[in-house]
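**Q** Sequence plus predicted model, see below.
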Amino acid sequence: MSKTITIDGKVIPFEDGQTIMDAAMAAGVYIPHLCHQPEFTPHGSCKLCTVKVNGRNCSACTYPAMDGQEVLNETQELIDDRKRITQMLFVEGNHLCPGCEKTGNCQLQAVAYHLNMLDNHFPAFYPEREVDASHPEVMIDHNRCIFCTLCVRASHEKDGKDVFAISGRGIHKHLIVNAESGLLKDTDMAATDHAAHICPTGAILIKRTGYQVPIGERIYDHKEIDQVSLATEHLKHGE
Amino acid sequence: MANKIRVATTSLAGCFGCHMSFLDIDERMLQLVEVVEFDRSPITDIEHCTNCDIGLIEGGVCNSENVHVLREFRNNCKILVAVGACAINGGLPAMRNHIPLEECLNEAYLDGIGVENPQIPSDIELPLLLNQVHPIHEIVKIDYYLPGCPPSADVFWKFLTDLIEGREPSLPYELVHYD
Amino acid sequence: MRQFIQGIAENSHYQATHLLQILRQIQSRYHYIPEAAIEQLSGLLNIPRTQIIGVVEFYSFFHLAPRGQYELLISDSITDHMLGKKDLFDYLAKKLDVAVGEVREDGVVSLDNTSCTGMCDQGPAGLVNGLALTRLDQSGIDKIAELINQQKPLDEWPEELFQVDDNIYKSGLLLNQQIEQGAALRSAFKRGIKETLKEIDYSGLRGRGGAGFKTAIKWQFCSEEQQTERYVVCNADEGEPGTFKDRVLLNAYADQVFEGMTVCAAIIGAKQGFLYLRGEYLHLYDKLQSILEQRRQNSLLGNNILDTGLDFDIEICLGAGAYICGEESALIESLEGKAGIPRNRPPYPVTQGYLGKPTVVNNVETFLAAAGIAVNGSDWFANIGTEKSKGTKILSISGDCARPGIYEYPFGTTIQTILNDCGADDVLGVQVGGPSGTFISNQEFDRKLAFEDLATGGSFIIFNSSRNILDMVHNFAHFFAHESCGFCTPCRVGTSLLQKQIDKIVEGHGSAGDVVALEELCQLVKNYSHCGLGQTAANPILTTLERYPDLYQSRLKEISFEPGFDLDGALETARRMANRNDAGAHLAQTDASGSRPVASLPPSMAVGE
């Protein structure tokens, strides 16, 4: 007999080595997440995928599924708290959606929509952050970085390059690139790199492609991130 | 009718785009004015709001006048609503927040290309700029938020009809947008 | 410089795991980490430049921009504040003509704050080029300023400036009898390694860092792992403000600590051990190295220890200013030459620790106790203490008392007994376990020192009734925001938000909803953070809010809302540039006309209400 966990009462099978997130995704259960992508080593930092496992909060993307676990996912408490965590991400950076070409395709925004986030709740930090437009094809807008490290992992694990890293401590954390000048143009970044396409927000963008799809016709304008995530990321699990 | 719901609206550091979007409720405006009357608002020319049920604020707070107007609304509206991206998080005007105000004013009035007769305006009639643009919930207590740049006409309609009909206002997924 | 860096890289066998130790030497020599050094190291250690910058920017003691030839850091611990730190700090800044956080124009001296340096019983304290300064007062500062202005090398400074005392006031089981060098190992081998583990098991010894995991179980788990390459790590990164007992143990009982590590190595089958010594304890480094050397000569370390066939050695690794490295998995990351970011668990260090190999990480005091148990047997230890907390606990006592210092007590001792012993009168409350622990009020002094009641890693800070609890809470909130590693959202953003919210309330700008908002935020940070730092960062607020709700409420204004920033101050630039100072050029912080509190109304509003 195969091993199972339950998520909100629903029985879900899993195989040894799978995380709760893996098992949930495979069974068509969405758990909100931003720093997780099935193709990369799980990171567990955004904390949006926090679920209650036998009464204890755990990150679904890193916590192993174990036989008989009772997992709570869609409780009002978790939904409310995930909204607050998303609001923390919004006030920490400068997320001004109307001026961002990623709007409508942005996962941070989409998770916020999904959680029915209507305001930022907390006082805005308005940090001073730079834009690096030095590279001919790829740009970095640090205002929108949420430190998910997907670009770091993609560059290292898929591209074999180490273009990106996270530096600094605490609220002073920031994304750095591997060049003496500190500029993207002096790295070996290419627009075809995985790392150039993995950013969940508008922090890393391919130049001159932003408005090819008009606002209003973008991914999350009409579909919720749970459906999109299950449809696209599901396939990549077990790759 | 004496017992209509009184609504006041204003734009602080905004572009009046939210007001324009409100007007996009089109013919539903006729239904609305059956139960609503407008106090201070661009469409009434009333200068100060008094004793209202709902205040709709567009735009963030960028100068001293914005603070005064916002406080007037808070003191006179039972329900105060942040309307649109700028009221909620400062919006595009807040993009100046990482540039020191001194640099902004120098660029605009002293050293900018094409500036003639360079001087910082100092008429006492003019409101002074705050160092940063702030969302309105950082200045006064806000009861509801309508996101969007602008919120669509349907957002205004849904919110106001919820309130008028005594429901807790809520926005379904398709009405929640930040752009 | 190229030659210097080549030399230290070579001495480190070009191992990237030694990055911290290499950077410490560069910082010490050049007072920053030059870009050229990063470039060169990247090649020598075969790691990306970004990895080096990431480490430099993570640890407080490394800098990308030059600091002064004399890097002066003053401890910002609450205990230093209670000893008059602020005035001294201002005096020092004035005397040296350098602003806080800055380097003086001539490059000779830089001045900044640093987290607690572990000298709470002899503060106000600081560090100069990493070396501990104690009992700072005005005349001491005059002297320091003069020495710096004369550019006297540190080894010519008077010794009394660096004098660190042990201040042991009460000894118990562990501190009373120093074991003879080698005695624990000889006993352990004589009894048999397996039997020794059993003794440790029967003794009921639990980890002394605070969490209290049973030591024997941890060692057994580690020894049962399939991987045979295993490690022993002694956690001497005691960064919890108010804790300094590991400093004393390593100064006066180091042999016994090393012996405990060696017994552990024999039990789990480790060949290599590390002492992770917090950078603030640099002054102990040479002494500890010579003790290790002596042990090697006496066949207590190295190959074939005491002819038993056991090969084991210990390396000392210095930290570089990061509280988070006291968390065991962050400590392991740091040992590997990386930023101290706590790992996801499981796997736990006993299965995948240093370099992914099974690793035991224990507190200094735990190893000390283990060595004692190896010599004296389990009963010696288990006969003392309570049912669930065996043995004794060594406390670092500081704050408002006549005799701050080291005290050893059997578990089960009441707080009142401790307060009596150290000469504390008129006590308002005690912070037990440091900022991450619990604040107890003077109504709770019958509570006991025990894992099942008041667990503590050893910090015990006493506040008398002249103190304002909110000053303490304010200090701790800033501490956690400063020390958050930034890995997870709730802690990275949450500790900064807590800091803002506490500032707002303490500075008198709080209004009706602000305490509720504070509490909500505390719960988020506590329940969703990745590691112990975030999970406990709200404790100072939560434990005092629970005991003194009125204290918080009394700071709130009787209005519904006040902005969290200085409104009139935000007009200052515009006022100056427009050359205005009329009434219209100012803003009141709160709305004078709006005395009517406007509550959020329920939505059901009958038309024409």
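**A** Great, that's in hand.
**Q** So what are the structural domains in the chain, by residue number?
**A** Going with chain A. Split into domains by automatic domain parsing, chain A comes to A:3-74, A:99-222.
**Q** Please refer instead to chain C.
**A** Split by automatic domain parsing, chain C gives C:2-56, C:70-160, C:181-382, C:392-467, C:470-554.
**Q** So residue B:82 is in contact with residue B:142, correct?
**A** Yes: if you go by Cβ atoms under 8 Å, residue B:82 and residue B:142 touch, sitting 4.9 Å apart. All C-beta spots, glycine's among them, are computed from the backbone N, C-alpha and C.
**Q** who touches both of these two?
**A** A:119, B:136 (Cβ atoms under 8 Å, 6 or more residues apart in numbering or on different chains).
**Q** Those two: which is more packed in?
**A** Ranked by neighbour count (other Cβ atoms under 10 Å in any protein chain shown), residue B:82 and residue B:142 place residue B:82 first, with 27 against 23.
**Q** Residue A:170: which of the domains of chain C is closest?
**A** Of all the domains of chain C, it is domain C:470-554 that lies closest to residue A:170, at 4.2 Å by Cβ to Cβ.
**Q** State the distance spanning the first to the last residue of the closest one.
**A** 11 Å (Cα to Cα, to the nearest Å).
**Q** Bridged to the residue most central in space within chain B, which residues?
**A** Among the residues of chain B, the one closest to the centroid is residue B:58, at 1.5 Å (Cα atoms, centre = their mean). Beta bridges link residue B:58 to residue B:11, residue B:83, judged by DSSP bridges.
**Q** Please read off the pLDDT at the closest residue to residue A:174 other than its chain neighbours from the model.
**A** Distances taken as Cβ to Cβ, 6 or more residues apart in numbering or on different chains put residue A:168 closest to residue A:174, at 5.0 Å, once the chain neighbours are dropped. The per-residue pLDDT reported for residue A:168 equals 97.
**Q** Tell me who's in contact with residue 52.
**A** If you meant another chain, say so; for now it's chain A. A:58, A:71, A:72, A:75, A:78.
**Q** that's the wrong chain, I meant chain B
**A** B:6, B:7, B:8, B:39, B:40, B:76, B:77, B:78.
**Q** can you rerun that using 6 Å?
**A** B:6, B:8, B:39, B:76, B:77 (Cβ atoms under 6 Å, 6 or more residues apart in numbering or on different chains).
**Q** just residue B:98 next, same as before
**A** Contacts of residue B:98 (Cβ under 6 Å, 6+ apart): residue A:128.
**Q** Geometric centre of chain A: which residue is closest?
**A** Geometric centre of chain A, nearest residue: residue A:34, 2.1 Å, by Cα atoms, centre = their mean.
**Q** Quick check: which element contains the closest residue to chain A within chain C?
**A** Relative to chain A, the nearest point of chain C is residue C:50 (3.4 Å; Cβ to the nearest Cβ). Residue C:50 belongs to helix C:49-56 when elements are defined using DSSP states H and E.
**Q** What residues of that helix count as buried?
**A** Applying a neighbour-count criterion of 16 or more other Cβ atoms under 10 Å in any protein chain shown, the buried positions in helix C:49-56 are C:49, C:50, C:51, C:52, C:53, C:54, C:55, C:56.
**Q** coming back round to it: drop anything exposed from the contacts of residue B:52.
**A** For these, buried by 16+ other Cβ under 10 Å: B:6, B:8, B:39, B:76, B:77.
**Q** And the lowest mean pLDDT element among the helices and strands of chain C?
**A** Least confident helix or strand of chain C, by mean pLDDT, DSSP states H and E, is helix C:549-554 with a mean of 93.
**Q** hang on, the earlier thing: quick one, which of the domains of chain C is nearest to chain B?
**A** Chain B sits nearest to domain C:470-554 of all these, at 7.5 Å, using Cβ to the nearest Cβ.
**Q** Is there any residue in that closest one that contacts chain A?
**A** Yes: judged by Cβ under 6 Å from any Cβ of the partner chain, domain C:470-554 and chain A are in contact via C:484-490, C:492-493, C:496-497, C:524, C:527-528.
**Q** ok so, going back, what packs against the next helix or strand after the least confident helix or strand of chain C?
**A** Using DSSP H and E, the helix or strand that follows helix C:549-554 in sequence is helix C:572-578. Judged by 3 or more Cβ pairs under 6 Å, 6 or more residues apart in numbering or on different chains; DSSP states H and E, the packing partners of helix C:572-578 are helix B:101-105.
**Q** Could you list the paired strands of the very next helix or strand once past the helix it packs on along with their orientation?
**A** Using DSSP H and E, the helix or strand that follows helix B:101-105 towards the C-terminus is strand B:129-134. If you go by DSSP bridges, strand B:129-134 pairs up with strand B:61-63 (antiparallel).
**Q** Now do the helix or strand just after the strand it pairs with: everything it contacts.
**A** The helix or strand immediately downstream of strand B:61-63 is helix B:64-76, counting by DSSP H and E. Helix B:64-76 is contacted from outside by B:10, B:12, B:49-52, B:55, B:61, B:80, B:127-128, B:136, B:139-140, C:587, C:591, C:594, using Cβ under 6 Å, 6+ apart.
**Q** How far does helix B:64-76 sit from its chain's centre?
**A** Relative to the centre of its chain, helix B:64-76 is centred 11 Å away, using Cα atoms, centre = their mean, to the nearest Å.
**Q** and what of stretch C:349-357?
**A** For stretch C:349-357, the separation from the chain centroid amounts to 23 Å (computed by Cα atoms, centre = their mean).
**Q** got it, and stretch C:315-325?
**A** Worked out by Cα atoms, centre = their mean, stretch C:315-325 lies 10 Å from the chain centre.
**Q** okay, that stretch in CSV with CA atoms only?
**A** What follows is stretch C:315-325, C-alpha atoms only, in CSV (Å, rounded to 0.1, in the frame of the first residue of the first chain):
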residue,chain,number,x,y,z
GLU,C,315,40.7,23.4,15.2
ILE,C,316,39.6,26.8,16.4
CYS,C,317,37.5,28.9,14.0
LEU,C,318,36.7,32.4,14.9
GLY,C,319,33.4,34.0,14.0
ALA,C,320,33.1,37.5,12.6
GLY,C,321,30.2,39.2,14.3
ALA,C,322,26.9,37.4,13.6
TYR,C,323,24.6,36.4,16.4
ILE,C,324,22.8,34.0,14.1
CYS,C,325,25.9,31.7,14.0
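**Q** Identify all contacting residues around that stretch.
**A** Against stretch C:315-325 from outside (Cβ under 6 Å, 6+ apart): C:20, C:24, C:59-62, C:115, C:237, C:239, C:274-279, C:288, C:330-331, C:334-335, C:340, C:483, C:485, C:533.
**Q** To residue C:410, which of the domains of chain A lies closest?
**A** domain A:3-74 (32.7 Å).
**Q** Can you name the residues in contact with the least confident helix or strand of chain C?
**A** C:515, C:545.
**Q** Check stretch C:378-388 too.
**A** Residues outside stretch C:378-388 that contact it (Cβ under 6 Å, 6+ apart): C:173, C:199, C:202-204, C:373, C:390-391, C:410-412, C:450-452.
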